[in-house]
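Peer 1: Sequence plus the predicted model coming up.
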Amino acid sequence: MARKNNVTELILTGLFQDPQVQRVCFVLFLPVYLATVLGNGLIVLTVAISKSLNSPMYFFLSYLSVVEISYSSTVVPKFITDLLAKIKTISLEGCLTQIFFFHFLGVTEILLLVMMAYDRYVAICKPLHYTTIMSRQLCHVLVAGSWFGGFLHSIIQVIITVQLPFCGPNVVDHYFCDLLPLFKVACKDTYVEGVSVLANSGLIALCSFIILLISYIVILVHLRNHSAEGRRKALSTCASHITVVLLFFGPAIFLYMRPSSTFTEDKLVAVFYTVITPMLNPIIYTLRNKDVKIAMRKLWGKKNSGMD
């Protein structure tokens, strides 16, 4: 049966309607996006060049930074340019492409955070077997598994969406293309599709968060047997990861584990995890990690001496 698809272009309402507020947002969010790309790019470069950062923890961190740059770039450049546009348009194909990459990279990041928690668990709870368990081969398998998991999740989301008929209206109440706002402009009842999205996105976020929570409870219980110095060292490496997890999962679970709404708060929560969190991650990891800071200073020192 042929789909009745009259809509080829969608109009995004954006974050705020006031042109002056939009200009202020442009001035605020452009530096944030540039800081995201530069900060995460610097982490990738530092880990790639520094011989001291060759442990699995930094291997995962560099991949997390690659995902952060890609994830942010799926939404933010269009969002920033739209802040200066009177009418914010996107083709239906462009909308589906944005949904695919947004969910692909978002779930890849979730799975990477789970892998990083596993790495911390092995390092703290099984230190004598750490190098044997966390071999380079296993690290590559875990990273590849994260990418594959994200791809599989995203393909399911797009297959659900691409079958919907869009015959008008074509105004999407959001600043980027996401599933629930797009479902509202489909020419059919999307209750089943909404439940599928909730099951797919919400449960991945919730289950991963529970796994992370359990792994850190196990780590904290295990740390009781360590010396005060050992506890302090272990907690400092875990603190960055826990902070990133809370910043990423809090808003995601809030949006995907409840019925959809048209509240402006939803868009503001989405701004937090699409624009702000990817910028905060490199700051959190570098400020709390002595090894990364030392490696960055060495890298910077080499570059400066090379320029003299």
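Peer 2: On my side now, so go ahead. Numbers count the residues shown, from 1 in each chain.
Peer 1: which other helices and strands contact the strand or helix carrying residue 110?
Peer 2: Per DSSP states H and E, residue 110 falls inside helix 92-125. Counting contacts by 3 or more C-beta pairs under 8 Å, 6 or more residues apart in numbering; DSSP states H and E, helix 92-125 packs against strand 9-12, helix 56-82, helix 130-133, helix 136-162, helix 179-183, helix 203-223, helix 228-256. C-beta here means a position set from N, CA and C on the backbone, and glycine is covered the same way.
Peer 1: Make TSV from the ones you listed and add mean neighbour count and distance to residue 43 to it.
Peer 2: As requested, those are exported to TSV (neighbours: other C-beta atoms under 10 Å; distance: least, C-beta to C-beta, whole Å):
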stretch	mean neighbour count	distance to residue 43
strand 9-12	17	31
helix 56-82	21	4
helix 130-133	13	22
helix 136-162	16	15
helix 179-183	22	30
helix 203-223	16	21
helix 228-256	17	12
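Peer 1: residue contacts, the residue nearest to the spatial centre of the chain?
Peer 2: Against the mean C-alpha coordinate of the chain, by C-alpha atoms, centre = their mean, the closest residue is residue 106 at 4.4 Å. Contact partners of residue 106, counting by C-beta atoms under 8 Å, 6 or more residues apart in numbering, are 71, 150, 252.
Peer 1: 7 Å instead, please
Peer 2: The neighbourhood of residue 106, defined by C-beta atoms under 7 Å, 6 or more residues apart in numbering, consists of residue 71.
Peer 1: now do residue 283
Peer 2: Residue 283 neighbours (C-beta under 7 Å, 6+ apart): residue 39.
Peer 1: how much space between it and residue 32?
Peer 2: 11 Å (C-beta to C-beta, to the nearest Å).
Peer 1: Mean pLDDT lowest where, among the helices and strands packed on helix 92-125?
Peer 2: Mean pLDDT values for the helices and strands packed on helix 92-125 show the minimum at helix 228-256, a mean of 75.
Peer 1: I'd like to know how many residues surround the closest residue to residue 154 other than its chain neighbours.
Peer 2: Leaving aside its chain neighbours, residue 154 sits nearest to residue 104 (3.8 Å; criterion: C-beta to C-beta, 6 or more residues apart in numbering). Neighbourhood size, residue 104 [other C-beta atoms under 10 Å]: 24.
Peer 1: quick one: residue 104 and residue 151 touch, right?
Peer 2: Yes. The pair residue 104 and residue 151 qualifies as a contact (C-beta atoms under 7 Å) at a distance of 5.7 Å.
Peer 1: Which residue is the nearest non-sequential neighbour of residue 82?
Peer 2: residue 88 (4.1 Å).
Peer 1: So the one you found sits against residue 9, correct?
Peer 2: No. Assessed by C-beta under 7 Å, residue 88 is found out of contact with residue 9, at 10.9 Å.
Peer 1: Next one: the residue nearest to residue 133 when sequence neighbours are not counted relative to residue 67, how far apart?
Peer 2: Distances taken as C-beta to C-beta, 6+ apart place residue 122 nearest to residue 133, at 5.1 Å, with adjacent residues excluded. Distance, residue 122 to residue 67, by C-beta to C-beta: 22 Å.
Peer 1: try residue 277
Peer 2: Where residue 67 is concerned, residue 277 sits at a distance of 12 Å (C-beta to C-beta).
Peer 1: hmm, back to that, could you measure from the residue nearest to residue 154 over to residue 214?
Peer 2: Remark: distance between residue 104 and residue 214 (C-beta to C-beta) = 26 Å.
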